[in-house]
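Novice: here is a sequence together with a model predicted from it:
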Amino acid sequence: MPDFYYEGISREGEKIKGEIFADDEVDLRIKLRSQKIRPVRIKEQVYVNKKVVPITTSMSNIFSDEERLFFVKELLVMFKAGLTITQSLDVLRSEGSTPTMREFSATLKNYMESGMTFSQALSRFPKYFDNLFLNLAASGELRGNLEYVLNEWLEYFKKEQEIKKTVKKTVLYPLGIIAIIVAAFAIIVVGIAPVFVHIYRTYNQPLPLTLLTLTTLGSIIRENIFFVMFLLAGGVLGVYLLLKSKIIKLSLDGFLLRTPWLSYFFKEVYTLRTVLAMNIALKAGLSVPRALELASEKIENHVFEEWLLKAKEAAEKHEPITPFLVRSGLFRPMIVQVFSIGEIMGSLPDMLDEMITYLGEEIKKLSSIFSSVIEPVILILGGILIGALLTSFFVPIFTILSKIK
């Protein structure tokens, strides 16, 4: 993909220049038009050194979260020691934590030596760093505060990981309890029920209905164990593929925001993710419309995404975004007021900092409440089910014992 240098004029009459990747000049003009820029001058970049290290097979994999974190951390350590970007990449090329990181650093260094900027070189690896990181890196280079931007990204990344852990804990914990109850039920069906059947048949007693049903079910499972395992694996795979499909994903996004208790929790989660992405983008010097667009890419919920893009269109026209936040019904009145005051006073990043702290604590509290409420409910229901089954097995035993006496 060729690299182009361009000079243009924005809709507001501001002169803009920069570099961009495009397949050809036509593709470049389309991209600039989408950004409301009228090109005045376009020139394809010519690099002094054309030699570029090819991406190896091992580099085709996506960076893990740990590799991404270590890469930025190690860059920052060397920046603080006074090394340049290319010197830092040279160190990582020989001493990186993983083979992928070493190869990645070598290729980045080679791209930069051929004339690219750090952000341009990074954009060659969309599987390694997302669009938000690329925009932050480009802004940091342009303003000469790349070290500050990377430090801010580290804080953002840590908070994003905390959110994901909290959501996983909230969702997976009750599922784990249900899985334990299902496993206990399976043990009763396959292991305990046959013992009671043997006892009843030894004394020529009729089998209780529940025991007869479970015994029949257990026999079917034992006789078709491989088929049952195949069905279970197929079912799990089917559910996974359904959740990955766009139609189901859209329905699930809406379901999470409509279900009474879940909606309150997930609205807080998506609000925090929006605020986090906007906060770091604005601190890096990006415009409000660009910050809203990047937040919409990170939100992972199409309902929030649509309203953020509507707010972005309003911001591009220099209109307030708070009316769109109100109409969406997705943000609490307090959050809307904070946005409104931040817009009016021109202190939106500072206001967002306060919201991040508040929303983080609120989400942890909601997660804790959910766990403390749902755990006893699931355990009680599971205990009643298993207890009722075992009781139905044991009660007729007393009749047998009385006959023996």
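Specialist: Structure received.
Novice: now do the domain split for the chain, please.
Specialist: Structural domains annotated on the chain: 3-44, 61-156, 161-184+228-405, as defined by automatic domain parsing.
Novice: neighbours around I37, how many?
Specialist: I37 is flanked by 21 other residues according to other Cβ atoms under 10 Å. C-betas here are computed from N, CA, C, even on glycine.
Novice: my read: it touches E7, true?
Specialist: No: in this structure, I37 sits apart from E7 without contact. The criterion is Cβ atoms under 8 Å, and the distance is 9.6 Å.
Novice: quick check: neighbours shared by the two?
Specialist: Overlap between the neighbourhoods of I37 and E7 consists of I16, taking contacts as Cβ atoms under 8 Å, 6 or more residues apart in numbering.
Novice: circling back: could you export the domains of the chain as CSV, including distance to V190?
Specialist: Output for the domains of the chain, formatted as CSV (distance: least, Cβ to Cβ, whole Å):
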stretch, distance to V190
domain 3-44, 59
domain 61-156, 39
domain 161-184+228-405, 11
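Novice: what's the least confident stretch among these?
Specialist: Taking each of these in turn, the lowest mean pLDDT turns up on domain 3-44, with a mean of 73.
Novice: and A121, how many neighbours?
Specialist: Other residues within reach of A121 by the criterion other Cβ under 10 Å amount to 22.
Novice: list the buried residues of stretch 374-388.
Specialist: By neighbour count with 16 or more other Cβ atoms under 10 Å, stretch 374-388 contains the buried residues 378, 382.
Novice: quick one: contacts of it?
Specialist: Contacts for stretch 374-388 (Cβ under 8 Å, 6+ apart): 173-174, 177-178, 181, 184-185, 188.
Novice: how much space between Y173 and E268?
Specialist: 18 Å (Cβ to Cβ, to the nearest Å).
Novice: same check, this time on E306
Specialist: 19 Å.
Novice: so those two - more neighbours on which side?
Specialist: Taking E306 and E268 together and counting by other Cβ under 10 Å, E268 has the greater number of neighbours (22 against 12).
Novice: measure the more buried one to T166 for me?
Specialist: Per Cβ to Cβ, E268 is found 10 Å from T166.
Novice: likewise I187?
Specialist: Relative to T166, I187 is positioned 32 Å away (Cβ to Cβ).
Novice: how close does the residue lying closest to N301 once chain neighbours are set aside sit to Y270?
Specialist: The spatially closest residue to N301, leaving aside those adjacent along the chain, is D253, at 4.7 Å (Cβ to Cβ, 6 or more residues apart in numbering). When Cβ to Cβ is the yardstick, D253 and Y270 sit 9 Å from each other.
Novice: common neighbours of those two, please.
Specialist: Listed as contacting both D253 and Y270 by Cβ under 8 Å, 6+ apart are N301.
Novice: now the strands for the stretch 1-150 of the chain?
Specialist: Ranges of strands within the stretch 1-150 of the chain are 3-10, 15-21, 37-44, based on DSSP state E, counting those that start in this stretch.
Novice: can you count the residues close to L172?
Specialist: 11.
Novice: show the subsequent helix or strand relative to the helix or strand encompassing it.
Specialist: Secondary-structure assignment from DSSP states H and E places L172 in helix 146-187. From helix 146-187 onward toward the C-terminus, using DSSP H and E, the following helix or strand is helix 193-202.
Novice: name the residues of that next one that are buried.
Specialist: Within helix 193-202, the residues that count as buried by 16+ other Cβ under 10 Å are 193-194, 196-197, 200.
Novice: so which elements touch that helix?
Specialist: helix 209-223, helix 348-404 (3 or more Cβ pairs under 8 Å, 6 or more residues apart in numbering; DSSP states H and E).
Novice: my guess is E147 meets V72, correct?
Specialist: No: in terms of Cβ under 8 Å, E147 does not count as a neighbour of V72; the distance is 10.7 Å.
Novice: who touches both of those two?
Specialist: Overlap of the contact sets of E147 and V72 (by Cβ under 8 Å, 6+ apart) is empty.
Novice: still on that earlier bit, what's the overlap in contacts for E268 and T166?
Specialist: Common neighbours of E268 and T166 (criterion: Cβ under 8 Å, 6+ apart): I363.
Novice: show me the contacts for F304.
Specialist: F304 neighbours (Cβ under 8 Å, 6+ apart): 270, 274, 296, 328, 330.
Novice: which of the residues you listed fall in helices?
Specialist: Among the contacts of F304, the subset assigned to helices under DSSP state H consists of 270, 274, 296, 328.
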